[in-house]
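Chemist: kindly return the folded structure for what I paste below:
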Amino acid sequence: METSLLQEFLSSRLLNIGADDSRLEKLDASCNELAQLYATNPMAALEPLLATWDPAAGADQSLLAIGEVLQKHWSTFRGAFSDEPLTLYRAVVLDAVMRAMELQGTLAVAVSLVASNILPRLHVGQEVHIFSRLVKRADAIVSERLEQAWPKQAEAAQLSPLEVPSVNSLKKLDANFWFPQVAAASGPSTNKPNVSLTAANPHWTNQPQHWSWEFSERMAVVLADVHDKAAANALRVTGVAFKALGEAVATKLNEFMSAECARSNQRDVANRLVWWRQALYSETAETPYRKLTVALVAWHMALDMSDLLPEVYPPAVESLLFEAVRAAAGAEGDTELTIGELLEVYGEKSHLATLVWLREQGTTASRTLLIQALANSFSGGRPELPKLGIDADTRMLPGDWAIWLLREVKALDALSSPDEVEHTVEQS
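Modeler: Numbering: from 1, shown residues only. Got it, this is the predicted structure:
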């Protein structure tokens, strides 16, 4: 069985909780409680996860709140540490997110997208292998969802042949099953021992007239019984067979329809992306991209493309976005922008400030994504830099910033549209 991320912290000597095994059980219960919360409300995992990823987050309020969960299961945990156990909180958050992703696929989508932006630019030191495990699992879950939403092959779906259920053979009856009835119709008694006759024919065959009348009445009942039992048995066997066949056909048709529906959706998305790329017109800005400043091109292209995409998309889509930004921005597309320059759009007369979705991303969290920082800028009337733990002077090409923003948009969309969770988190 694979070790949990919590155990990885312990095995790597990044965390010390003593030799009492009961403490690990209490931490495991805390992780399960948090995992259930994150599975049913994945947006709740974003703030503590951003703080956990950032080694410089310190005593972030979202991490300190983990102590309240720990208190329920390990009431004396504070006595085991001389200072605020921030590493313990971070280990619990990561482990809980890892467990929750198994139930809540949209959380895995968000983890994969945001990690692609942030983690390569952080200095996580000895914890790099722990973060890698989390992201690797998130990427695997995303790949599974991508196969369903975006089939790789262009040809029609190749389904396995229909397996026709076998028909059960009719049950063979013992040759003596109807003997008592036939013997009773033939005469008053039989030469077989231990066979009792019921309502036997009172005449023997040497009394033709009387025997035949009695025989006919009794034998008619026997034949009717034989027919009824045979017909009932045949109906039962064929009924089971037809039911199984119907279910197999329905399952195969559903597989075919699901596969073809996915391909139809894929073709529809691809067609819309081609049209968007050729038109270079922004629906959110209500103007051609070439009339926007380069920073606005990055913002609006990310927002516009996100509306054209399903929850998950192949890597080639990001390349398409990068090239679209270069085509729209011209020479400016080859000039790097800092985070501050990217966020200066808060003061420009653009449609960004009027976008309801963007304004809804405002937050009071101490760790914010770029989109959340811009939303806060619009609400507060002053620029706000995102608190991601990365260098504020980070510079990238406009196309790379557009990809960064697209990932954030899709991550926030995924967190706000979680899957239905039916099962509880199992302990690892």
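Chemist: now the helix or strand containing residue 413: buried residues?
Modeler: Using DSSP states H and E, residue 413 falls within helix 398-416. Neighbour-count burial for helix 398-416, counted by 16 or more other CB atoms under 10 Å, picks out 398-415. In this view, the C-beta of every residue, glycine as well, is placed from N, C-alpha and C.
Chemist: same thing with stretch 358-369?
Modeler: 358, 361, 362, 363, 365, 366, 367, 368, 369.
Chemist: one more: stretch 303-311?
Modeler: 303, 304, 305, 306, 308, 309, 311.
Chemist: and the two most separated of those?
Modeler: 304 and 311 (16.9 Å; CB to CB).
Chemist: mind checking pLDDT for the nearest residue to residue 98 once chain neighbours are set aside?
Modeler: Nearest residue to residue 98, sequence neighbours excluded (CB to CB, 6 or more residues apart in numbering): residue 5, at 5.2 Å. Residue 5 carries a pLDDT score of 92 in this model.
Chemist: list the contacts for residue 5?
Modeler: Contacts were defined as CB atoms under 8 Å, 6 or more residues apart in numbering; by that measure residue 5 touches 91, 94, 95, 98, 130, 133, 134.
Chemist: surely residue 272 is in contact with residue 308?
Modeler: Yes. Between residue 272 and residue 308 there is a contact under CB atoms under 8 Å: 5.0 Å.
Chemist: identify the contacts common to those two.
Modeler: With CB under 8 Å, 6+ apart as the test, residue 272 and residue 308 reach no residue in common.
Chemist: how distant is the helix ranked longest in the chain from the center of its chain?
Modeler: The longest helix of the chain (DSSP state H) is helix 208-279. Centroid separation between helix 208-279 and its chain, computed with CA atoms, centre = their mean, to the nearest Å, is 33 Å.
Chemist: which residues touch stretch 368-375?
Modeler: Against stretch 368-375 from outside (CB under 8 Å, 6+ apart): 50, 114, 299, 339, 342-343, 345-346, 352, 358-363, 365, 376, 384-388, 404-405, 408-409, 411-412.
Chemist: please repeat the previous calculation with a cut-off of 6 Å.
Modeler: Identification of contacts with stretch 368-375 by CB atoms under 6 Å, 6 or more residues apart in numbering yields 343, 346, 358, 359, 361, 362, 363, 384, 386, 387, 408.
Chemist: and of the contacts of residue 5, the nearest to residue 254?
Modeler: Closest to residue 254, out of all of the contacts of residue 5 and judged by CB to CB, is residue 98, at 32.3 Å.
Chemist: and the closest one, how far from residue 122?
Modeler: From residue 98 over to residue 122 the distance is 18 Å, taken as CB to CB, to the nearest Å.
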